[in-house]
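*Asks:* here's a sequence, model it:
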Amino acid sequence: MTALGETAPRTPLGRRFGLLMGALLLSSLGNGLCFPFTSIYISQLLGLGGRAAGGYFIAMAAASFAAALAGGPLADRGSPHRVGALGGAALAVGYALLAPADSVALVLASGICVGAGFGLFYASIVGVVDTAVPESGRRAAFAIRHIVNNTGIGLGSVVAGLALHGADTPVGALRWLYLANGLAALPLIAVILGVRPRTRPAPTTGCPADHAAEPHIGASPAAGGKIRRTPPEPSGAGPTYRTLLRARPMALLILAQALFAIVGFTQIEATVPLLMHDRMAVTLGWVSTVVAANSFALIALQPLLRRHLERLPETVGLAAGPVLWAIAFGCGLGAALAGETAPAAVRYGLLLAFAVVFAAGELMYSSAFYPLLLRWSGEEAVGRASALASLAWNLGTASGPPIGLFVVAHASAAGSWLALALGAAAAFTVTAALHSRAGA
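*Replies:* Presented below is the predicted three-dimensional model:
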């Protein structure tokens, strides 16, 4: 074990991981080209109305739910790489269908394909990333994946804004952007299949009792070890969804995932910009600056915090995430209490501090959540565990914005920031219980 005073050596993540992140960046950039405009594109620009736009998102959500549940066992029985590639293909087809769409039928077909693509992709991507890096590099790998995904979406949004700003006909420009989004998924399919391990490990001879202390549910614990192991030969058997959720640490981890989406990620994306603009009279330029500062802070903090993150126990790192979010929301509260009469350096400095501290909390989450998921599921149930995490995330992203917007509509600026901080505290209570349960 590395002592706290020692400097942990940095684990090279390898060429396969670099290729995977490059393809993921391109795919995320494609998503950023389109996702803010889909409802406007369908309802107004295509002239199909709000029902068609609503039908698209309903079809996407239903297909994502079904595909995640089916994709988890498929990834466990076969290969997460095949499932991930199939998900990427469904995304490519779904987004490409929106380019020539001129009827409700095509819009619904697109929603089904996109939803199925996301469900399959997120049920498999954890296993794909895990087999691409050394085991000691897991935490850094998942933190980098989080940064790459957000960076790609941000860059795509900038490109889309520039393209639409100079377009004569927005509908024509968006058709090309949806086509580009579909094409951007193709390299990801090729890379996922290309980084698939080609060899199988020799059968292990260790006694199962040697691993009795590990809190994993699956048959192959994914903790310990100094070299990258390749996936075991699929047995077709493994823990079911019910078995996974009966284990208290895993159930708490999935609950934490939903809460992280509800009280954290959706709030900085949907609620905080509205709170700053409508309740604090922050200009749109400064709202954009604060959101951009959060993205840039993710990139800047990751290399600075990487070694410290890797020394922290994963359950401690996970619990630290909502603590940092509560502190970040406290910075926002300070800016609200300072009011418009406060010096700009104080007011906007606190809002920028909010963005940076919140980014540190995001890195705590991303470096700890998926390594814990891998360890506690065991390799024979990674797909199912990933599917549960995806479903919890979808539940959170669907319910978080309405909750946050309701708070902003019915509370003052200070009261809204306080409510957000209390939400982070609720997430902390779950992660604290998880830490206590895992250590029991």
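*Asks:* care to break the chain down by domain?
*Replies:* Domains of the chain are assigned by automatic domain parsing as 15-194, 241-439.
*Asks:* got JSON lines for those, with mean neighbour count and mean pLDDT too?
*Replies:* C-betas here are computed from N, CA, C, even on glycine. JSON lines is the format used below for the domains of the chain (neighbours: other Cβ atoms under 10 Å; pLDDT from 0 to 100):
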{"stretch": "domain 15-194", "mean neighbour count": "21", "mean pLDDT": "85"}
{"stretch": "domain 241-439", "mean neighbour count": "20", "mean pLDDT": "89"}
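*Asks:* contacting residues for Ala101?
*Replies:* Ile42, Leu46, Val107, Ser110 (Cβ atoms under 8 Å, 6 or more residues apart in numbering).
*Asks:* so the last one is in which element?
*Replies:* Which is Ser110. Here Ser110 sits within helix 104-132, counting by DSSP states H and E.
*Asks:* how far off centre is that helix?
*Replies:* When distances are taken as Cα atoms, centre = their mean, to the nearest Å, helix 104-132 is centred 14 Å away from the chain's centroid.
*Asks:* tell me which strands and helices that helix is in contact with?
*Replies:* Where contact means 3 or more Cβ pairs under 8 Å, 6 or more residues apart in numbering; DSSP states H and E, helix 104-132 is packed against helix 15-34, helix 49-77, helix 80-98, helix 138-165, helix 344-377, helix 382-410.
*Asks:* out of these, nearest to Arg248?
*Replies:* Closest to Arg248 of those, according to Cβ to Cβ: helix 344-377, at 10.3 Å.
*Asks:* off-centre distance for that closest one?
*Replies:* That offset, for helix 344-377, works out to 13 Å (Cα atoms, centre = their mean).
*Asks:* for that helix, which helices and strands make contact with it?
*Replies:* With 3+ Cβ pairs under 8 Å, 6+ apart as the test, helix 344-377 has helix 104-132, helix 138-165, helix 248-260, helix 284-311, helix 314-338, helix 382-410 packed against it.
*Asks:* can you rerun that using 6 Å?
*Replies:* If contacts are counted by 3 or more Cβ pairs under 6 Å, 6 or more residues apart in numbering; DSSP states H and E, helix 344-377 sits against helix 138-165, helix 248-260, helix 284-311, helix 314-338, helix 382-410.
*Asks:* and the contacts of Ala101, which two are the farthest apart?
*Replies:* Leu46 and Ser110, at 11.3 Å, using Cβ to Cβ across the contacts of Ala101.
*Asks:* for Ala281, give me its contacts.
*Replies:* Taking Cβ atoms under 6 Å, 6 or more residues apart in numbering, we find Ala281 in contact with Glu340.
*Asks:* next one: it relative to Gly349, how far apart?
*Replies:* 17 Å (Cβ to Cβ, to the nearest Å).
*Asks:* with Leu86 instead?
*Replies:* 48 Å.
*Asks:* gap between the closest residue to Leu179 other than its chain neighbours and Val83?
*Replies:* Spatial nearest neighbour of Leu179, chain neighbours left out: Ala99 (4.2 Å); criterion: Cβ to Cβ, 6 or more residues apart in numbering. According to Cβ to Cβ, Ala99 and Val83 sit 26 Å apart.
*Asks:* so what's the residue nearest to the spatial centre of the chain closest to, chain neighbours aside?
*Replies:* The C-alpha lying nearest the average C-alpha coordinate of the chain belongs to His146 (Cα atoms, centre = their mean; 6.2 Å). Nearest residue to His146, sequence neighbours excluded (Cβ to Cβ, 6+ apart): Ser366, at 3.6 Å.
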